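Peer 1: Return a 3D structure for these sequence lines:
(one chain, ligands or ions: 1)
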Amino acid sequence: MNTTRQDTVQDESIAFEMIEVVEVSHAESCAAMDMERVVCDRDPATLGGSGCLAMLSPDQRIVITIDGPAGTGKSSVARALAKQLGLDFLDTGAMYRAAAAICIDHGIDINDHAAVVARTAAADLHFDWTRDPPTILAHGVPIDHRIRQKDVTEVVSPLASIKELREHMVRKQRLIGQQHPRLVTEGRDQGSVVFPDAVVKFYLDASADVRARRRAEQMVAMGSAADLGAITAEILERDRSDSSRADGPLMCPGNAICVDTSDMQFQQVVDTLHRHVLAVVG
Ligand code: C5P
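Peer 2: Numbering: from 1, shown residues only. Here you go, the predicted model:
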């Protein structure tokens, strides 16, 4: 088994903490939802816990999806939103990353699709839900330290275009949705493919320049060198690969609320999503 670790850690989960990021809601998406007429009479920032969702039956199914390209801050936003609403949080990118890490570490050729799926299935990917955020395990062992490393990021998008692997992940994610029916889930295909009946769907976007700058600032903050040009190229290539694949491509679901986070502060994004959710289910 090859257990070589790369130096560069690319953790998108803290992107927002370091940079300023303005909401530009797409007109069509938000036309039906007047943000000024949100029904909760409490400031979302002070809601905490289950906020206004407390009025709903605790076993009522609420699945909220957040999709979007790399570097939009989906993970941190989804996690904070879930916390504010008292829902569980699912990072589906971690599942594809875990599959990539396992394949690299077991010397699997990613062009051998059957081997990729068999190896991933054998790893029995699942989350430890007692952790916050839930940590991903493969073969019963946490691998969250491994999944953001450079070699994983380099192969994850081509690997995620494998139809059979996507089918495996979609089945797993729907199972998680049954076991955790009160869920904020983020990825690329959550609203379009995995949970088409989600009660609220979001699509987060930001310009490639802003996303690359966020990533560079993260890397510098973590003590790594950052080449803005190379990071922009990597982000654009991942956008292209994720958007152009045949199965589960990155797309804004037709009935999603689109939020451009390029000029928004982290908490602004969370509060905006929170208000939309309360307007629909609160
Ligand atoms: O969100 P994150 O950057 O961690 O995702 C890593 C990669 O996993 C994405 O670039 C994409 O190729 C893949 N992915 C996917 N479908 C998802 C989540 C992630 O294809 N639902």
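Peer 1: Which of the helices or strands spans Asp151?
Peer 2: Secondary structure assigned from DSSP states H and E places Asp151 in helix 150-160.
Peer 1: where exactly do the strands run in the protein?
Peer 2: 24-25, 62-67, 88-91, 126-128, 135-138, 141-142, 182-187, 200-205, 257-260 (DSSP state E).
Peer 1: Nearest to the ligand, out of those?
Peer 2: Closest approach to the ligand among the strands of the chain (CB to the nearest ligand atom): strand 182-187, 2.4 Å. Glycine gets a C-beta too; all of them are placed from N, C-alpha and C.
Peer 1: Let me know the average pLDDT across the closest one.
Peer 2: In this model, strand 182-187 has an average pLDDT of 98.
Peer 1: Which neighbouring elements make contact with it?
Peer 2: strand 62-67, helix 74-85, strand 88-91, helix 92-105, helix 163-179 (3 or more CB pairs under 8 Å, 6 or more residues apart in numbering; DSSP states H and E).
Peer 1: Look up the closest residue to Leu236, ignoring the ones flanking it.
Peer 2: Excluding the flanking residues, the one nearest Leu236 by CB to CB, 6 or more residues apart in numbering is Ala208, at 5.7 Å.
Peer 1: Show me which residues of the stretch 1-150 of the chain are close to the ligand?
Peer 2: 12, 70, 92-93, 96-97 (CB under 6 Å from any ligand atom).
Peer 1: Which one of the residues you listed is nearest to the ligand?
Peer 2: After measuring these against the ligand - CB to the nearest ligand atom - the closest member comes out as Gly93, at 2.4 Å.
Peer 1: ok, so what distance separates the closest one from Asp109?
Peer 2: 22 Å (CB to CB, to the nearest Å).
Peer 1: likewise Arg79?
Peer 2: Counting by CB to CB - Arg79 and Asp109 are separated by 34 Å.
Peer 1: Quick check: Asp242 touching Gly248?
Peer 2: No - contact between Asp242 and Gly248 fails when scored by CB atoms under 8 Å: they sit 9.1 Å apart.
Peer 1: how many other residues sit next to Ala226?
Peer 2: 17 (other CB atoms under 10 Å).
Peer 1: nope, Met251 is what I meant
Peer 2: Around Met251 there are 16 residues (other CB under 10 Å).
Peer 1: got the contact list for it?
Peer 2: Met251 makes contact with 67, 189, 192, 243, according to CB atoms under 8 Å, 6 or more residues apart in numbering.
Peer 1: Quick one: residues contacting the third one.
Peer 2: With contact taken as CB under 8 Å, 6+ apart, Ser192 is in contact with 67, 248, 251, 253.
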